[in-house]
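Engineer: sequence and predicted structure, then a few things I'm wondering about:
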Protein chains: 2
Amino acid sequence: MASQTEENYLKSLFLLANSKGEINLTDLSKMLEISIPTANSMVNKLHEKGLLNYEKYKPLVLTAKGKKEAALIIRKHRLTEMYLVEIMGFGWEQVHEIAEQIEHINSNAFFDRMDELLSFPTIDPHGSPIPDKNGKISWKSYDKLSECKAGQTVKLAALTHSSSDFLKFLNSKGLSLGLKLKIHSIEAFDKSMIVSYHNHKQEQFSQMVSERLLVETTNPNL
Amino acid sequence: MASQTEENYLKSLFLLANSKGEINLTDLSKMLEISIPTANSMVNKLHEKGLLNYEKYKPLVLTAKGKKEAALIIRKHRLTEMYLVEIMGFGWEQVHEIAEQIEHINSNAFFDRMDELLSFPTIDPHGSPIPDKNGKISWKSYDKLSECKAGQTVKLAALTHSSSDFLKFLNSKGLSLGLKLKIHSIEAFDKSMIVSYHNHKQEQFSQMVSERLLVETTNPNL
DNA sequence: ATAATATGTTAGACGTTTCTAACTTTAATT
DNA sequence: AATTAAAGTTAGAAACGTCTAACATATTAT
């Protein structure tokens, strides 16, 4: 059994590996808000436990075992977020802090029941995939809205960042997953986009925003 | 903020105080399954924090502040148990271990939402009172079934012990809270009772069982 | 290629929570 | 009342997760 602390390290290592190429101690210590020596000593511990491949001064790479453990914690986190939104009625901007704690609960029955009550969801409220019980993730490849062209109509599918502030901003713009967005024009200078959707005839999204929105482009062959 | 460990000590102290007169270190260490010196050092810590009145070799008594903190943890535990049974569909014998972990979650919103979804329950699945948000408990006085007389009809209202084994036993006998029990006879020698209820025409409860069942006696003046 | 900068490691310490062993105080028994 | 037994205390140690300070290695830039 990994301690709660170890679980947080594994989770961070997993998430970092999926958003950057190579992970180093500095990244890890920043993500966990701990000092570099503390990260270093835990990295040695995870290495001894067979959860992490590690050599001095080399990048950090989870072993298959470490990846699986990490994915199962992320599974609990994302299932919890979905449960909090879908069953308990929380907003998507409220659930991270609670899920951050509940992910460490040790009870298969508890998470299995959530899964069942949610009809076995595959994504969380922010569009991130929920690993299955074996720790496998089925990655979908979305495009960043910022990389789409004027004239396209796309569906908002996921977010690259889910800070509470960003989510509140999206709420204020009436945005939610599944919405169809039509891109009217893109300003060449700052890449800002004029977009319409649902009850919003004309909204301007800065590049800061459009980079954080992941969309599905309707298959043009259909 | 009390640590998770401190919370467990407070909870045990509170529960012991409500089932025994004076609490000593030995009781506490047994309940928490820790050594006496460990209990001793935590007791000193709680005393320094103003949560416990304590003098060497004297009984352990929670301060008002300690009592309130303890009651609020018990509130979270019992709300969780009720939530797990009523909303998630767990059996009353399954919920203790999960609630034991969830009671340490730090999120008023989370427990407030549970409370709301349960329509502000006052008892948990085992009939124990749920402290209110100020840590106040409204005690109801029930009678032990073992102290009732032959011929009485009573309503099963709560349990004095909620071990998983006892709860499974009650399940096997088709017993649940709210059931009306009719006491047919009591064997003088071993105090065993012959009782009928719902689909059960004749069940024999040993004293071991009848002592653990709390009942409401219908007011004979009505 | 050397110096400057960034990154990583080691050593030593501290607070928590736990333990066992040795000792003291209080309570119970005879 | 004296002895025995039960309960409580103190001292010292260990694991965990954290820190800062000092030092070592790699990387980057001039």
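Structural biologist: Structure received. Source: prediction; values computed, not measured.

Engineer: alpha carbons only: can I get the helix or strand harbouring A:Pro37 in PDB?
Structural biologist: Using DSSP states H and E, A:Pro37 falls within helix A:36-48. Below are the C-alpha coordinates for helix A:36-48, written out as PDB (Å, rounded to 0.1, in the frame of the first residue of the first chain):
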ATOM      1  CA  ILE A  36      13.900  19.600  -4.200                       C
ATOM      2  CA  PRO A  37      15.700  17.600  -1.600                       C
ATOM      3  CA  THR A  38      12.300  16.300  -0.300                       C
ATOM      4  CA  ALA A  39      11.400  15.300  -3.800                       C
ATOM      5  CA  ASN A  40      14.800  13.700  -4.200                       C
ATOM      6  CA  SER A  41      14.400  11.500  -1.200                       C
ATOM      7  CA  MET A  42      10.900  10.300  -2.200                       C
ATOM      8  CA  VAL A  43      12.100   9.600  -5.700                       C
ATOM      9  CA  ASN A  44      14.700   7.300  -4.200                       C
ATOM     10  CA  LYS A  45      12.100   5.600  -2.100                       C
ATOM     11  CA  LEU A  46       9.800   5.100  -5.100                       C
ATOM     12  CA  HIS A  47      12.800   3.700  -7.000                       C
ATOM     13  CA  GLU A  48      13.500   1.200  -4.200                       C
END
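
Engineer: for it, the averaged confidence score.
Structural biologist: Per-residue pLDDT over helix A:36-48 has a mean of 97.

Engineer: can you tell me what sits against that helix?
Structural biologist: Contact partners of helix A:36-48, identified using C-beta atoms under 8 Å, 6 or more residues apart in numbering or on different chains, comprise A:5-6, A:9-10, A:13, A:25-26, A:28-29, A:32, A:52-54, A:60, A:66. For the C-beta atoms, the positions are set from N, CA and C on the backbone; glycine is no exception.

Engineer: 10 Å instead?
Structural biologist: Outside helix A:36-48, the residues within contact range by C-beta atoms under 10 Å, 6 or more residues apart in numbering or on different chains are A:2-3, A:5-6, A:8-10, A:12-13, A:23-32, A:34-35, A:51-56, A:60, A:62-63, A:66, A:69.

Engineer: again, but for stretch A:1-13
Structural biologist: Residues outside stretch A:1-13 that contact it (C-beta under 10 Å, 6+ apart) are A:23, A:27-32, A:34, A:38-39, A:42-43, A:45-46, A:49, A:51-52, A:60-62, A:65-74, A:76-77, A:100-101, A:103-104, A:106, B:4.

Engineer: which residues of chain A lie near DNA strand D?
Structural biologist: For chain A, the residues in contact with DNA strand D (C-beta under 7 Å from any atom of the strand) are A:3-6, A:33-35, A:37-38, A:41-42, A:45, A:56-57.

Engineer: try it again with 6 Å
Structural biologist: Contact residues, chain A versus DNA strand D (C-beta under 6 Å from any atom of the strand): A:3, A:5-6, A:34-35, A:37-38, A:41-42, A:57.

Engineer: redo these as a markdown table? Include neighbour count.
Structural biologist: Converted to a markdown table, these look like this (neighbours: other C-beta atoms under 10 Å in any protein chain shown):
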| residue | neighbour count |
| --- | --- |
| A:Ser3 | 10 |
| A:Thr5 | 14 |
| A:Glu6 | 18 |
| A:Ile34 | 16 |
| A:Ser35 | 10 |
| A:Pro37 | 10 |
| A:Thr38 | 14 |
| A:Ser41 | 11 |
| A:Met42 | 21 |
| A:Tyr57 | 7 |
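
Engineer: now distance to DNA strand C too, for these, in JSON lines please.
Structural biologist: Formatted as JSON lines, the residues of chain A next to DNA strand D follow (distance: C-beta to the nearest atom of the strand, whole Å):
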{"residue": "A:Ser3", "distance to DNA strand C": "12"}
{"residue": "A:Thr5", "distance to DNA strand C": "11"}
{"residue": "A:Glu6", "distance to DNA strand C": "15"}
{"residue": "A:Ile34", "distance to DNA strand C": "12"}
{"residue": "A:Ser35", "distance to DNA strand C": "8"}
{"residue": "A:Pro37", "distance to DNA strand C": "3"}
{"residue": "A:Thr38", "distance to DNA strand C": "8"}
{"residue": "A:Ser41", "distance to DNA strand C": "6"}
{"residue": "A:Met42", "distance to DNA strand C": "11"}
{"residue": "A:Tyr57", "distance to DNA strand C": "5"}
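
Engineer: from those, which single one is nearest A:Lys149?
Structural biologist: Nearest to A:Lys149 out of those is A:Ile34 (C-beta to C-beta; 43.0 Å).

Engineer: touching, the closest one and A:Asp27? I think so.
Structural biologist: No. Using C-beta atoms under 10 Å, A:Ile34 makes no contact with A:Asp27, being 12.0 Å away.

Engineer: okay, now the unreliable bits of chain A?
Structural biologist: In the prediction, chain A carries residues with pLDDT under 70 at positions A:219-222.

Engineer: helices of chain A, residue ranges please.
Structural biologist: Counting by DSSP state H, one finds helices in chain A at the ranges A:4-17, A:25-32, A:36-48, A:64-86, A:95-102, A:108-117, A:164-172, A:207-210.

Engineer: name the helices or strands packed onto the shortest one?
Structural biologist: Yep, that's helix A:207-210 we're talking about. Secondary-structure packing of helix A:207-210 (3 or more C-beta pairs under 10 Å, 6 or more residues apart in numbering or on different chains; DSSP states H and E): helix A:164-172, strand A:180-186, strand A:193-197.

Engineer: which residue, other than its chain neighbours, is closest to whatever residue of chain A ends up closest to DNA strand C?
Structural biologist: Residue of chain A nearest DNA strand C, by C-beta to the nearest atom of the strand: A:Asn24 (2.8 Å). What sits nearest to A:Asn24 in space, not counting adjacent residues and going by C-beta to C-beta, 6 or more residues apart in numbering or on different chains, is A:Pro59, at 6.0 Å.

Engineer: and the residue most central in space within chain A, how far from B:Ala70?
Structural biologist: Residue closest to the mean C-alpha point of chain A, counted by C-alpha atoms, centre = their mean, is A:Ser128 at 4.8 Å. Distance, A:Ser128 to B:Ala70, using C-beta to C-beta, to the nearest Å: 38 Å.

Engineer: and what of A:Gly174?
Structural biologist: Per C-beta to C-beta, A:Gly174 is found 45 Å from B:Ala70.

Engineer: more neighbours, these two?
Structural biologist: B:Ala70 (25 against 12; other C-beta atoms under 10 Å in any protein chain shown).
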